[in-house]
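Chemist: Pasting a predicted model and its sequence here:
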Amino acid sequence: MKRFIPIFAANFEIGMSFRRIKSLLVVTLSFVALLISTSAMANETVASAIDSNKLNEATAAQQEPAAHGEKEAGSFNVTETILEHIKDDHSWHLWGHTSLHLPVILYTSKGFEVFSSAKLVDEQHEPIVYKGNFDYKLILGKTKIVNAAGELDAAASKQLWDISITKNVASLFVSVFILLVVLLSAASAYKKTGVKTAPKGLQSFMEPIILFVRDEVAIPNIGAKRHAKYMPFLLTIFFLILVNNFLGLIPFFPGGANVSGNIAFTMTLAVCVFIVVNLSANKSYWEHIFWMPGMHWSMKLFLAPIELIGVFTKPISLMIRLFANITAGHILVLSLICLIFIFKTVMASAIAVPFAVFIGLIELLVAFLQAYIFTMLSAMYIGMATEEHSHDNHEAAAHH
């Protein structure tokens, strides 16, 4: 009985913590919705102040769909507002017209060049030409080299390597910093108190999650004997996705970046899973792919290409699933908020804000579920690659 006391104490402490914050969730998300609305109104004011005579042909082409959206929804551009909130950027919006300008790092035929992204925009945050080693300008959100007339120089831009610290990259650094602080603090507490006493503080929050990943994800899918080797990898994936999902739901600094909704981020995680799975795969795994035991040779020739394609489609499915679900959630919440500015009535606000708060609460659940699903499927693929198969039954079936 004594050995269960720390677990009961930890669960009781967690339950009390959730009860204390439960009443604040609706108020917090309502505040979030109001902040999104304020940001959208600011974007509308900035858009109305654009001087169309200063735009080049590329920028004009970019604004054509926006102009069509304005025609349909009055003076408010729904598409532009939503895309501006979910896309990556060279600056991090703080409040009003105040933004944190991030460093632009470029590599060209003339070497590296570093400068602030503030030099690429004017006071209304509209793209302007910055004269460095080349003439640079933001076109469709990307840094490009332009000619003397301010038009895109395609040939020179092909030799441009942009490794800038964008909003998503900066947010990723923030999430890594948060994880290091939380996990190292919990680990330090375990070193001091050991595992014989009930966890306190961050320990009581982190221990159930880590045990959940171990007992419900790693062991069932990889096995009790082999799971420990892959626990650091699985925990890293789980917490990295979870923290970035939660930060993406906060519309103000240090949140507001759509990291998990960026295809480059999800692709990187999927590639890591692909590498771990295939490096861990044993002989039996590859035999089941290229020469399925227990099958007639004609079926083996038919199944081998299909199984080989499956090796690549599994990480692709991981990449697309996380990207699509997180992005869709952000678009849904922003679309509800935009209804206020489309109809411009109090009734629209009375309907849109409660629905946005409700969807925001669901997004909290989705943020955890997407981290869990990505980690569970990764563990499943690792388990399939490391499982030892018995071929006795296959061979017997083949003889019959």
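Modeler: Structure received.

Chemist: Wait, Val217 touches Phe374, no?
Modeler: No: at 10.4 Å, Val217 does not count as touching Phe374 under the criterion of C-beta atoms under 8 Å. Using the backbone N, CA and C atoms, a C-beta is placed for each residue, glycine as well.

Chemist: These two: who's more crowded?
Modeler: Phe374 (26 against 22; other C-beta atoms under 10 Å).

Chemist: Now do the residue nearest the centre of the chain, the pLDDT please.
Modeler: Here the mean C-alpha position of the chain is nearest to the C-alpha of Ser260 (C-alpha atoms, centre = their mean), at a distance of 0.6 Å. pLDDT recorded at Ser260 is 90.

Chemist: tell me the contacts of it?
Modeler: By C-beta atoms under 8 Å, 6 or more residues apart in numbering, the contact list for Ser260 reads Ile241, Asn244, Asn245, Gly248, Thr266, Leu322, Phe323, Ile326, Gln370.

Chemist: Can you show me the strands along the stretch 301-400 of the chain?
Modeler: Remark: no strands are assigned in the stretch 301-400 of the chain by DSSP state E, counting those that start in this stretch.

Chemist: quick revisit: now, the contacts of Ser260 that are in helices?
Modeler: In this view, the contacts of Ser260 that belong to helices under DSSP state H are Ile241, Asn244, Asn245, Gly248, Thr266, Leu322, Phe323, Ile326, Gln370.

Chemist: Now for the second one: which residues touch it?
Modeler: Residues near Asn244 by C-beta under 8 Å, 6+ apart: Ser171, Leu172, Ser175, Val259, Ser260, Phe265.

Chemist: repeat that for 10 Å
Modeler: Asn244 sits next to 168, 171-172, 174-176, 178-179, 255, 257-262, 265, 326, 367, 371 when contact means C-beta atoms under 10 Å, 6 or more residues apart in numbering.

Chemist: what about the nearest residue to it once chain neighbours are set aside, neighbour count?
Modeler: What sits nearest to Asn244 in space, not counting adjacent residues and going by C-beta to C-beta, 6 or more residues apart in numbering, is Val259, at 4.3 Å. Applying other C-beta under 10 Å, we find 26 residues neighbouring Val259.

Chemist: you'd agree Val259 is up against Leu242?
Modeler: No: counting by C-beta atoms under 10 Å, Val259 does not reach Leu242; the two are 11.6 Å apart.

Chemist: can you list residues touching both of the two?
Modeler: Ser175.

Chemist: all helices in this structure, in order from the N-terminus.
Modeler: Using DSSP H, helices in the chain cover 5-48, 57-72, 78-86, 154-157, 167-193, 202-212, 219-222, 227-248, 263-280, 283-290, 297-343, 346-386, 392-399.

Chemist: so which of those gets nearest His97?
Modeler: helix 5-48 (7.2 Å; C-beta to C-beta).
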